[in-house]
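Asker: coords please:
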Amino acid sequence: MQYQEILALLSYAGDHGHAVRVTTDGAAEVIGVPTSVDDHVTAHEVYLRPSGADDTEIAISLGAIRSVQLL
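Answerer: Numbers count the residues shown, from 1 in each chain. Below is the predicted model of the structure:
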């Protein structure tokens, strides 16, 4: 996936409360709802609330994301 497609899909999902499946360069998969996308050079990450863990939020570097899929 191209970088702009990844940003657009993460932003859309976050704005509408949809879950996504994020696959990283290391083949790890994370399923969750994006809470924020920060493409500024000093942050360059997405924050996700993983499915089933309402009190947890994780950050994933945008540069490490290979693909994003709406669920």
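Asker: Give me the next element, helix or strand, following the longest strand along the chain.
Answerer: In the chain, assigned by DSSP state E, the strand with the most residues is strand 29-38. Once the chain leaves strand 29-38, the next helix or strand it forms, by DSSP states H and E, is strand 45-50.
Asker: May I have the helix or strand just after that next one as PDB, with CA atoms only?
Answerer: Sequence order places strand 58-61 as the next helix or strand after strand 45-50, per DSSP H and E. Backbone C-alpha positions of strand 58-61 (Å, rounded to 0.1, in the frame of the first residue of the first chain) are rendered in PDB as follows:
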ATOM      1  CA  ILE A  58      -0.700   1.700  21.400                       C
ATOM      2  CA  ALA A  59       1.400   3.700  19.000                       C
ATOM      3  CA  ILE A  60       2.600   2.300  15.700                       C
ATOM      4  CA  SER A  61       5.100   4.200  13.500                       C
END
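Asker: If I take the helix or strand following strand 58-61 and strand 45-50, what angle do their directions form?
Answerer: For strand 58-61, the following helix or strand on the C-terminal side (DSSP H and E) is strand 65-70. Going by axes from the mean of the first three to the mean of the last three C-alpha atoms, to 10 degrees, strand 65-70 is angled at 50 degrees with respect to strand 45-50.
Asker: Run me through the strand neighbours of strand 65-70, direction for each.
Answerer: Paired strands of strand 65-70, with direction, are strand 20-24 (antiparallel) (DSSP bridges).
Asker: Just the pLDDT for His16.
Answerer: Here, the pLDDT recorded for His16 equals 97.
Asker: Quick check on it: phi, psi?
Answerer: As for His16, its main-chain torsions (degrees, to the nearest 10) stand at phi -110, psi 10.
Asker: circling back: quick one: buried residues of the longest strand of the chain?
Answerer: For strand 29-38, a neighbour-count test (16 or more other C-beta atoms under 10 Å) marks 30, 32-34, 37 as buried. (Glycine included, C-beta is placed from N, CA and C.)
Asker: Could you do stretch 55-62 as well?
Answerer: Residues of stretch 55-62 classed as buried: 60, 62 (neighbour count, 16+ other C-beta under 10 Å).
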